[in-house]
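**Student:** A predicted structure for the sequence below; I have some questions about it.
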Amino acid sequence: MRSAFPGAGRVMMWVAPMLPIAKLEQLVRHYSELEELLCRPDVLSDRNKLNRLNKERSDLEALVVSFGRYLDLEKQIHDDEEALVDPELRELAQAELPELVGARDRLEQSIQALLLPPDPNDKKNTILEIRSGEGGEEAALFAADIFRMYARYAENKGWKIEVLSSSESATGGIKECIGLVSGKDVYSQLRFEGGVHRVQRVPTTEQQGRIHTSTATVAVLPEADEVDVHVDEKDLEISIAASGGPGGQGVNTTNSAVQVLHKPSGIIVKCQDERSQLKNKAKALKVLRSRLLELEHEKQDANEAQTRRSMVSTGERSQKIRTYNFPQNRVTDHRIRLTLAKLDRVIEGDLDELVTALRTSHQAGRLQEAGVESQVAARLLFAPDEEAGA
């Protein structure tokens, strides 16, 4: 049987004490045990057990592979340090060592991040709420652009977006759009998109060529299952009305719009996209559960929870998390002071660089909170504008 761990059988005496080696070795052994279990007939015949063990193995794989690479680098560094005393090998070793040490340090940072407890919401589907903010019709048009940006990003990732509720403006923009994004690790990728997004551009209706500033708000909520949040029917007040919106056959002629009021929290959700009252009610309850789950997270940990209220706030321009400057083809995320000169690509759904930078900064913050000293973490969190900008 092949080795379950890429670093199996390698000597470990060169590993620096910065990593919890005993814990990592224990995880490596457990990974090997999982691979052996997954080959047993009794496990292969039990679908539930097979899925559970496969998931456990998958969750460990990145850490195990990274630790194997780390051991390789430590051995190479050790060999090169010994070669420094050899006149024939000294020059080659001196040339290799800086690159090897840099790669080792970066990998150590990655392993520390992988050891952090995962957020249970990271693998969940996501409720994405987009609303126009300050700026009138231009704000509604920008909100529509933001929705299309996320839709294209989702398409690139192989995710699916289902519109649960939407309200258009007179010029074809979006007053409000609520969608369900489904796929692999959706919440972990989108969780930092919540907040006030600001745009600076010349509106199509502007005759003098002046640049206007408008905003749209984005809220990102992990989808709540029924087991996560119990909603008692007696706490709900459900109203039925004719669907509103621009034109359409039947959409605004049947009493299919459903508005759900959760009396204990005061949360109101309205859905009217379907002609069926039952379907609209089901969608409204899905959104309601996610909002209630986020409210519960806010109560449990007000400092860390990405609450809908803190994301959206009032939509004022001064509360921006990101600015989209069209005349300069520039997008700036103000939280991590990152500027990219490729707005034309970002607005078409090329969000990977922004998403990765935000996730990396978040991991660096968690490492510092856990007491892990890291020059990389400090640079990510406190880099000056000229260093973080593009």
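**Tutor:** Right, received. Where do you want to start? Residues are numbered from 1 along each chain as shown.
**Student:** may I ask which helix or strand of this protein has the lowest mean pLDDT?
**Tutor:** Counting by mean pLDDT, DSSP states H and E, the chain has its least confident helix or strand at helix 385-388, which shows a mean of 38.
**Student:** wait, doesn't residue 257 sit right on residue 273?
**Tutor:** No. In this structure, residue 257 is not within contact of residue 273 by Cβ atoms under 8 Å, at 9.2 Å. The C-beta positions use only the backbone N, C-alpha and C, and glycine is treated the same way.
**Student:** in terms of neighbours, single out the busier of the two.
**Tutor:** residue 257 (23 against 19; other Cβ atoms under 10 Å).
**Student:** quick check: bridge partners of the more buried one?
**Tutor:** residue 241 (DSSP bridges).
**Student:** can you give me the pLDDT of it?
**Tutor:** Residue 257 is assigned 83 on the pLDDT scale.
**Student:** what is the burial count for the nearest residue to residue 270 once chain neighbours are set aside?
**Tutor:** Nearest non-adjacent residue to residue 270, counting by Cβ to Cβ, 6 or more residues apart in numbering: residue 259, 4.4 Å away. Per other Cβ under 10 Å, the neighbour tally for residue 259 reads 17.
**Student:** just give me how far the helix or strand hosting residue 259 sits from the chain centre.
**Tutor:** Using DSSP states H and E, residue 259 falls within strand 257-262. Computed by Cα atoms, centre = their mean, to the nearest Å, the chain-centroid distance of strand 257-262 equals 29 Å.
**Student:** same question for stretch 200-208.
**Tutor:** On Cα atoms, centre = their mean, the centre of stretch 200-208 falls 33 Å from that of its chain.
**Student:** buried sites along that stretch?
**Tutor:** 200-201, 203 (16 or more other Cβ atoms under 10 Å).
**Student:** what does stretch 57-68 give?
**Tutor:** 57, 60, 63-64, 66-68.
**Student:** just the ones of these in helices?
**Tutor:** 57, 60, 63-64, 66-68 (DSSP state H).
**Student:** for residue 344, which residues are in contact?
**Tutor:** The contact partners of residue 344, by Cβ atoms under 8 Å, 6 or more residues apart in numbering, come to residue 329.
**Student:** element containing it?
**Tutor:** Counting by DSSP H and E, residue 344 is found in helix 343-346.
**Student:** go on, residue 221?
**Tutor:** Assigned by DSSP H and E, residue 221 falls in strand 212-222.
**Student:** please work out the average pLDDT along that strand.
**Tutor:** The model assigns strand 212-222 a mean pLDDT of 94.
**Student:** repeat for stretch 292-301
**Tutor:** 74.
**Student:** tell me which residues in it are buried?
**Tutor:** Buried, per 16+ other Cβ under 10 Å, within stretch 292-301: 292-295, 297-298.
**Student:** possible to save the residues you listed as a markdown table with distance to residue 354?
**Tutor:** A markdown table is the format used below for the buried residues of stretch 292-301 (distance: Cβ to Cβ, whole Å):
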| residue | distance to residue 354 |
| --- | --- |
| 292 | 29 |
| 293 | 26 |
| 294 | 23 |
| 295 | 28 |
| 297 | 24 |
| 298 | 25 |
